[in-house]
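**Student:** need a structure here:
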Amino acid sequence: MRSSWTEKRVTVTGGNGFLGRHVVKRLERLGAQVFVPRQRDYNLTTLEACMRCMLEHPCDLLVHAAAYYGGIGINVNEPAKLYYSNLVMGANVMEAARLTHVAKVVNIGTACSYPGYLEGHLKEADLWSGPCHASVVNYGLTKKMLAVQSQAYLKQYGLKSIHLILTNLYGPGDSYNPERSHVVAALVRKFVEAEMSKAPTVEVWGTGKPVREFIYVEDCADAIVLAAEKYDDAAMPLNIGTGIGTTIRELTEAVQAASGYKGKLVWNTDKPDGAMMKVLDVTRMKQQLEGWSPPTSLRDGLEKTIKWYRANKAEADAKW
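**Tutor:** Numbering: from 1, shown residues only. Prediction:
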């Protein structure tokens, strides 16, 4: 049977990144003709480069997955670069898409765009219920602005686009550099290295009580491709996640088990916990994606991730 993606032209910004690589693989497997702009050729923070990219490589669908992001270190040390790079890149990509008559844009957002002090299962309608958390406002707000631009460009120009809000990602290809890594990658590296060196203890920050949500990157890529095909509401973002809350203690113990580390955990309770619960409500996701749910359990995803990390440790640690 001929796929609806066969010979469809798709551009994926950030297609060489952690998430983008998996999206590209799925699109190519379905028969799409995929182009990935490289930063050295197309600096997407300039409108001229965005226009040149779209004109030299016309597309039917644009997936905007490129972003400058990182962990606590980057949010503290580079707030202006985070803000400027992501805000301008998003604005330019959308403007170039409408000027070159792209049929549909899929914008990749983030759960840190949600109000920073709103806890519990977060619904799409909650997006504007308060400000982003101060620790991530310079990144989260720029993605929030893309949701505004989507609606404005549909109203004035008729440009079709959707905005997907992703929960915490993990898996093969992630950054394991301490300056950029998020919690799962940081724990994976910490426990694998502790197991290798036979360290007697591993320190973990906080009490372990906060509840977070994690989605395996390959599952997330599947959801993005499905949403590109089935979701068309520019007026309402769509959460992409598991809807399953996991305490940081449970996550830590699961990574420890998957790594084979036999030493002792030391919880540094002098370090802050942050919000006690951040989990996406995925009711609309299941409805709009016709019952789809992420198939990979956290245990299986961690085992796959650790196996990949061990096999690619030098490359993974060096990745920025």
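
**Student:** you'd agree Thr296 is up against Ala221?
**Tutor:** No: judged on CB atoms under 8 Å, Thr296 makes no contact with Ala221 at a distance of 11.4 Å. The C-beta positions use only the backbone N, C-alpha and C, and glycine is treated the same way.

**Student:** Stretch 113-127 spans what distance, first to last residue?
**Tutor:** 7 Å (CA to CA, to the nearest Å).

**Student:** Contacts for stretch 267-276, please.
**Tutor:** 116-117, 119, 133, 135, 203-211, 248 (CB atoms under 8 Å, 6 or more residues apart in numbering).

**Student:** Just name the lowest-scoring one in these, pLDDT-wise.
**Tutor:** Across the contacts of stretch 267-276, the member with the lowest pLDDT is Glu119, scoring 77.

**Student:** returning to that earlier point: which pair in the contacts of stretch 267-276 has the greatest spatial separation?
**Tutor:** Tyr117 and Glu203 (27.6 Å; CB to CB).

**Student:** from the contacts of stretch 267-276, which would you call buried?
**Tutor:** Gly116, His133, Ser135, Val204, Trp205, Gly206, Thr207, Gly208, Pro210, Val211, Ile248 (16 or more other CB atoms under 10 Å).

**Student:** nearest spatial neighbour of the first one, skipping sequence neighbours?
**Tutor:** Meaning Gly116. The shortest distance from Gly116 to any non-neighbouring residue, by CB to CB, 6 or more residues apart in numbering, is to His133 (2.6 Å).

**Student:** ok, so of the contacts of stretch 267-276, who is nearest Tyr42?
**Tutor:** Ser135 (30.8 Å).

**Student:** From what I see, the closest one and Ile74 are in contact.
**Tutor:** No: the pair Ser135 / Ile74 is not scored as a contact, 11.1 Å apart, by CB under 8 Å.

**Student:** And the strands in this protein?
**Tutor:** For the chain, the strands defined by DSSP state E occupy 9-13, 33-35, 61-64, 104-110, 120-122, 160-166, 168-170, 201-205, 211-212, 214-216, 238-240, 246-247, 264-268, 278-280.

**Student:** Switch the ones you listed over to CSV; also include distance to Glu95.
**Tutor:** CSV is the format used below for the strands of the chain (distance: least, CB to CB, whole Å):
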stretch, distance to Glu95
strand 9-13, 14
strand 33-35, 19
strand 61-64, 12
strand 104-110, 11
strand 120-122, 29
strand 160-166, 12
strand 168-170, 27
strand 201-205, 41
strand 211-212, 35
strand 214-216, 30
strand 238-240, 23
strand 246-247, 39
strand 264-268, 46
strand 278-280, 29
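
**Student:** Tell me which of those sits nearest to Lys304.
**Tutor:** Short answer: strand 214-216, nearest of the strands of the chain by CB to CB, at 7.5 Å.

**Student:** burial of Lys286, as a residue count?
**Tutor:** For Lys286, the neighbour count with other CB atoms under 10 Å is 12.

**Student:** need the contact list for the closest residue to it other than its chain neighbours.
**Tutor:** Among residues not flanking Lys286 along the chain, Ser293 sits closest, at 6.2 Å (CB to CB, 6+ apart). Neighbouring residues of Ser293 by CB under 8 Å, 6+ apart: Thr242, Val282, Lys286.

**Student:** one more time with 10 Å, if that's ok
**Tutor:** Shown in contact with Ser293 (CB atoms under 10 Å, 6 or more residues apart in numbering): Asp219, Ala223, Gly241, Thr242, Gly243, Ile244, Val282, Met285, Lys286.

**Student:** Could you give me the ChimeraX syntax to select whichever of these are buried?
**Tutor:** Selecting the buried subset of these in ChimeraX, with 16+ other CB under 10 Å as the burial test, is done by:
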select :219,223,241,242,243,244,282,285
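
**Student:** Let me see the contact set for Asp126.
**Tutor:** Per CB under 10 Å, 6+ apart, neighbours of Asp126: Tyr114, Pro115, Leu118, Gly120, Leu280, Asp281.

**Student:** Roughly how far does Gly208 sit from Thr252?
**Tutor:** Distance of Gly208 to Thr252, computed by CB to CB, to the nearest Å: 6 Å.

**Student:** For the two, list the residues in contact with both.
**Tutor:** Shared contacts of Gly208 and Thr252, counting by CB under 10 Å, 6+ apart, come down to Leu265, Trp267.

**Student:** Tell me both backbone torsions, phi and psi, for Thr207.
**Tutor:** phi -100, psi -20 (degrees, to the nearest 10).

**Student:** which outside residues touch the helix or strand of the chain with the lowest mean pLDDT?
**Tutor:** Least confident helix or strand, the chain: helix 72-77 with a mean of 78, by mean pLDDT, DSSP states H and E. For helix 72-77, the external contacting residues (CB under 10 Å, 6+ apart) are 68-70, 81-82, 112, 133-140, 177-182, 186.

**Student:** No more questions from me, cheers.
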